[in-house]
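K.L.:
let me see the structure of the following:
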Amino acid sequence: MQILPLAEHLHEIIERHGLRKAFEKQKRLFENNWRHPSLHTEILEPRHLKIYSFRITQKWRALFFIKGGKIEVFDITDYH
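P.N.:
I've put the predicted structure just below:
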C-alpha cells in the first residue's frame, strides 16, 4: 500500500525530533509489507473508527487511516 504525501506539520514533527531516517525506513517497510513484524501495525480503540498505527521508533508512532486503498498518515505521536 502506498503512503500519501505527508502534510507539512508532520514533516515539522519528523525534523524537530530527528525521525527522518527512521520514518523513511519504516515507510519503505510498510509500503512493501504493512504487516512486517517490526512495524507493530495495530488498529486502535475504539475499533469502529478504523484508525491504525505503525511504529517509527520505540517512542514514536504514525497514526493513519486507509482512504481509497491508500494510507493517509494524519499524526505522528509520542507513544509513551
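K.L.:
and stretch 12-25, how far from the chain's centre?
P.N.:
Distance, stretch centre to chain centre, for stretch 12-25: 11 Å (C-alpha atoms, centre = their mean, to the nearest Å).
K.L.:
what comes into contact with it?
P.N.:
Residues from elsewhere that reach stretch 12-25 (C-beta atoms under 8 Å, 6 or more residues apart in numbering): 6, 56-57, 60, 62, 76. (C-beta placed from N, C-alpha, C; glycine too.)
K.L.:
just those now: which is nearest Thr41?
P.N.:
Taking C-beta to C-beta as the measure, Thr41 lies nearest Ala62 of the contacts of stretch 12-25, at 9.8 Å.
K.L.:
hang on, the closest one in a strand?
P.N.:
Yes: under DSSP: H, G, I helix; E, B strand; the rest coil, Ala62 sits within a strand.
K.L.:
pretty sure it sits against Leu44.
P.N.:
No: look at Ala62 against Leu44 with C-beta atoms under 8 Å: they stay out of range, at 11.8 Å.
K.L.:
can you pull the buried residues of the longest helix anywhere in the chain?
P.N.:
Ranked by residue count, the top helix of the chain under DSSP state H comes out as helix 20-32. For helix 20-32, the neighbour count (16 or more other C-beta atoms under 10 Å) marks 22-23, 26-27, 29-30 as buried.
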